[in-house]
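Enquirer: Please find the sequence and the predicted model below.
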Amino acid sequence: MANAGLDVGELLLKLMTRETGEISKVDYKPQKPEFSSNPLPGEEALLRKSPESQGVSSAFFTGLIRELSENKECNMHKIMFLRHGYVVAECSFEPYVMDTWHVSYSMCKSIVGMAIGILVDEGKLSITDKLSDIFSSRMGPLGLFKKPVTVQNLLNMSSGVSFNEAGAISGNDWRKSYLSSSFNFEPGSKFEYNSMNTYMLSAIVTEITGESLFEFCKKRIFDPMGIKRVFWESCPQGITKGGWGLFMRIEDMAKMGQLYLQKGMWHGTQIVPAQWVVESTSWQIETGQNDNEHYGYQLWINDDRPGSYAYNGMLGQNVFVYPDIDMVVVTNAGNSDIFQTSLMAVTIRKAMKSDIKTSLVPLDDDFAALSELKAVCKSVSGRIKDFPVISSGGYKKKTISMTCGSTRRVKLSHDNKRGCFRASLDTYNLRNENQLLSKWLTKLDGLFYDLDVTGVGIFPLMMQVVHNNFTDGMYKIGFRKGANNSFYIDIYEGTDIYSLRCGFGGRRYKSLINMHGEKYIVSMASMCTTDEYNRFVIRNEVYFLEEACSRTFNIYFSDDSVDRIDRKGTFIHPSVPSGIELRLFETPGTDMLIDTMKNIAPEGITGVQGVIFSKIVKGGMKEVLEEAVKNTIQPVIHGKLLPFTV
């Protein structure tokens, strides 16, 4: 079997050398549908109740939400709290909205475990069944006959199989590669987290039922629970990825936690066998990790409270379940957490362990506390632009101090021949978008700049790798004013043009990006400033609202000016910047990608790239490599003004 780690190395080297298009060894075809903003027939919403009616103070949620919102490292997207099956608090963090699905990463592993439990209860599968028996018709002479890997080994992450997450970019036949893999240790002897174990559980569902895991879950779990707007990616052979690839709304994630709190029962129907819920949430294996020492069946056993556990996905996609107080806490985020060690997870788990106080009977109504909670949620969600800014207070202080703030006047200056966009931005009226467009950005209307680097895309690298959807590379960028005094940045990438509307003065506008047949909702906020060289800068933050990732790109305009003419020699743009500079960043994932790329082993990488890479690493030029890595994750691109109207 090919070394999947080397395939990762080769892919990342291609990214570093700005190769674009079909650079993966995995065939690409579009899968992800456009999200429906309208509820679908049969969809069921959870009921809402006040915190006090369910025995919890509103002030607790106010303080926790405020703490999470104030720390940018948490990078919160959404949070929801259930008590006794009711939504008692919920909040999205600008620009994210509650009623949009969100990538779940490994959170969906726990749903795969539910599907396996259903098959076991029906007698179609046993946890002691061996993969060599289940896939006997697909086994090669050098396959897993060597070592007996059972369904239980997959469930508790103790298979020992070396074919892991890296295999997702090594070729099309993941099942064959897994079944012919080598071993890191004896199956069942210790814990090793491996998403391909979950993928094989998905393959087992398909082998037994003849339908994909996604189809099985829709019939047996999602539809009976009123979960309709959901999507799960599949591998090139049509097997649901299982360990990742699920897009789900946070309210439906909360249902998954509540289902287990109710021992697999939903509206009087046993969806998941009660005994399976007990077994899967019990200690099945020691992990050797300090933050979570035990693992069940496709979920983590926590020590926050008695009997607590979690469905965990990287970067902050979590369902925390607390049976002793009948509560579920659900998060979507974009932090740098792989498991549950981020500041966000630590903050929530500490609050649920030490700070929360619950009552078995309803508390007295507290209109003031509930009003403060609603105010904080509206404030951090951006739903009320003029709402007072929180300055102090919280659930420990019981009150919140707020200030309405003030706006300041902006001082503008123009020079038609030198530094045409030179402006004093020491103060800036954030609310006056129309003034900004009319006085500052008019000269940019209709300008196009050719880019000197064409291997960088609007899609963050993290999303490109996870979805096997690689950029064709930006090669041109344009600026234009639209109807109703709108302003757009047009990014030319491959055969597509991505038109992103800039939102100034605290405004954000949504756009739809069609990336090779897959549509993603983005929200962009922009602001104008100057840098230390007094260059005019448009700073843009692009949030992929269905993902954990965001992309920041700053556009710096050169501090000189030229007259732009058309093909007839007519002056159409007098005194405009002759060049631009783009600086791109992405969050989260930068640190993880840098660490991965810095730790690529040169042995076995073939071709010219392998020779060059080996010389860099073995020749003591790691600083060169680190700089190349940084330039890949945080590229700097220059653009030259096109002389003619395009």
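Expert: Okay, I see it.
Enquirer: does M256 really touch N318, like I thought?
Expert: No - with contacts counted by CB atoms under 8 Å, M256 stays clear of N318, the gap being 11.3 Å. (Each C-beta comes from the backbone N, C-alpha and C, glycine too.)
Enquirer: Find residues that contact each of the two.
Expert: Both M256 and N318 are contacted by Y311, under the criterion CB atoms under 8 Å, 6 or more residues apart in numbering.
Enquirer: neighbour-wise, which of those two wins?
Expert: Applying other CB atoms under 10 Å to M256 and N318 shows that N318 carries more neighbours, namely 30 against 25.
Enquirer: Next, the contact list for the more buried one, please.
Expert: 107, 310-312, 329-331, 340, 345, 348 are the contacts of N318 under CB under 8 Å, 6+ apart.
Enquirer: Now the element after the helix or strand where it lies, going C-ward?
Expert: Secondary structure assignment for N318, by DSSP states H and E: strand 317-322. Downstream of strand 317-322, the first helix or strand assigned by DSSP H and E is strand 327-333.
Enquirer: got a list of contacts for that following strand?
Expert: Residues outside strand 327-333 that contact it (CB under 8 Å, 6+ apart) are 74-83, 96, 102, 250, 253-254, 257-258, 261, 315-322, 342, 344-345, 348, 352, 358, 548.
Enquirer: Sitting in strands, which of those residues do you find?
Expert: 76-83, 102, 317-322 (DSSP state E).
Enquirer: Give me the distance between the two termini of stretch 290-304.
Expert: For stretch 290-304, the first and last residues are 13 Å from each other (CA to CA, to the nearest Å).
Enquirer: ok, and what's touching that stretch?
Expert: Residues outside stretch 290-304 that contact it (CB under 8 Å, 6+ apart) are 109-110, 112-113, 116-117, 155-157, 191, 198, 201, 279-287, 308-312, 320, 322, 339-341, 349, 352-353.
Enquirer: Which parts of the stretch 51-200 of the chain are helices?
Expert: Applying DSSP state H, counting those that start in this stretch to the stretch 51-200 of the chain gives helices spanning 58-70, 109-121, 131-134, 151-155, 174-179, 195-209.
Enquirer: do the same with the stretch 251-400 of the chain
Expert: Under DSSP H, counting those that start in this stretch, the stretch 251-400 of the chain gives helices at 274-280, 343-350, 367-381.
Enquirer: chain center to the shortest one, what's the gap?
Expert: Going back to what we said before, that points to helix 274-280. 30 Å (CA atoms, centre = their mean, to the nearest Å).
Enquirer: which other residues reach that helix?
Expert: Helix 274-280 is contacted by residues 113-114, 117-118, 120-121, 155, 260, 263-265, 296-299 when judged by CB under 8 Å, 6+ apart.
Enquirer: Give me the buried subset of these.
Expert: 113-114, 117-118, 120-121, 155, 260, 263-264, 296-299 (16 or more other CB atoms under 10 Å).
Enquirer: Looking at those, which two lie furthest apart in space?
Expert: Farthest-apart pair in the buried ones among the contacts of helix 274-280 is L155 and K263; separation 18.6 Å (CB to CB).
Enquirer: before we move on, back to that, so how do I select the buried members of the contacts of stretch 290-304 in PyMOL?
Expert: Here is the PyMOL selection string for the buried members of the contacts of stretch 290-304, based on 16+ other CB under 10 Å:
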select buried, resi 109+110+112+113+116+117+155+156+157+191+198+201+279+280+281+284+285+287+308+309+310+311+312+320+322+339+340+349+352
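Enquirer: G482 touches Y488, doesn't it?
Expert: Yes - using CB under 8 Å, G482 is in contact with Y488, at 5.6 Å.
Enquirer: shared neighbours, those two?
Expert: Common contacts of G482 and Y488, defined by CB under 8 Å, 6+ apart, comprise R501.
Enquirer: These two - which one has more neighbours?
Expert: Neighbour count, other CB under 10 Å: between G482 and Y488, Y488 has more, with 19 against 11.
Enquirer: which secondary structure elements does the helix or strand hosting the more buried one contact?
Expert: Assessed by DSSP H and E, Y488 sits inside strand 487-493. Strand 487-493 sits against strand 474-481, strand 496-501, with contacts defined as 3 or more CB pairs under 8 Å, 6 or more residues apart in numbering; DSSP states H and E.
Enquirer: From the chain's centroid, how far away is the last one?
Expert: If I follow you right, that is strand 496-501. So, by CA atoms, centre = their mean, the centroid of strand 496-501 is 21 Å from its chain's centroid.
Enquirer: List the buried residues for that strand?
Expert: Neighbour-count burial for strand 496-501 [16+ other CB under 10 Å]: 498, 500-501.
Enquirer: for the residues you listed, which one is nearest M515?
Expert: Of all those, M515 sits closest to Y498, with 8.7 Å by CB to CB.
Enquirer: Hmm, the closest one is touching Y488, no?
Expert: No - at 9.9 Å, Y498 does not count as touching Y488 under the criterion of CB under 8 Å.
Enquirer: OK, contacts around the nearest residue to D173 once chain neighbours are set aside?
Expert: Spatial nearest neighbour of D173, chain neighbours left out: Q237 (6.5 Å); criterion: CB to CB, 6 or more residues apart in numbering. Residues near Q237 by CB under 8 Å, 6+ apart: 172-175.
Enquirer: Please apply the same query to L360.
Expert: G55 are the contacts of L360 under CB under 8 Å, 6+ apart.
Enquirer: what's around S180, how many residues?
Expert: 17.
Enquirer: That one and M139, how far apart?
Expert: S180 is 9 Å from M139, where distance means CB to CB, to the nearest Å.
Enquirer: What of M515?
Expert: Per CB to CB, M515 is found 38 Å from M139.
Enquirer: which residue is nearest the centroid of the chain?
Expert: Nearest to the mean C-alpha position of the chain, counting by CA atoms, centre = their mean, stands A548 at 1.7 Å.
Enquirer: from what I can see that one touches G334, true?
Expert: Yes - between A548 and G334 there is a contact under CB under 8 Å: 4.3 Å.
Enquirer: Could you tell me which residues touch both of these two?
Expert: By the contact definition CB under 8 Å, 6+ apart, A548 and G334 are jointly contacted by 77, 315-316, 588.
Enquirer: Centre of the chain to stretch 113-129, how far?
Expert: With CA atoms, centre = their mean, you get 31 Å for stretch 113-129.
Enquirer: Residue ranges in the stretch 401-550 of the chain under the pLDDT threshold?
Expert: Along the stretch 401-550 of the chain, the model assigns pLDDT under 70 to residues 401-439.
Enquirer: Give me the buried positions along the longest strand along the chain.
Expert: Secondary structure assigned by DSSP E gives strand 518-530 as the longest strand of the chain. Residues of strand 518-530 classed as buried by neighbour count (16+ other CB under 10 Å): 518, 520-528, 530.
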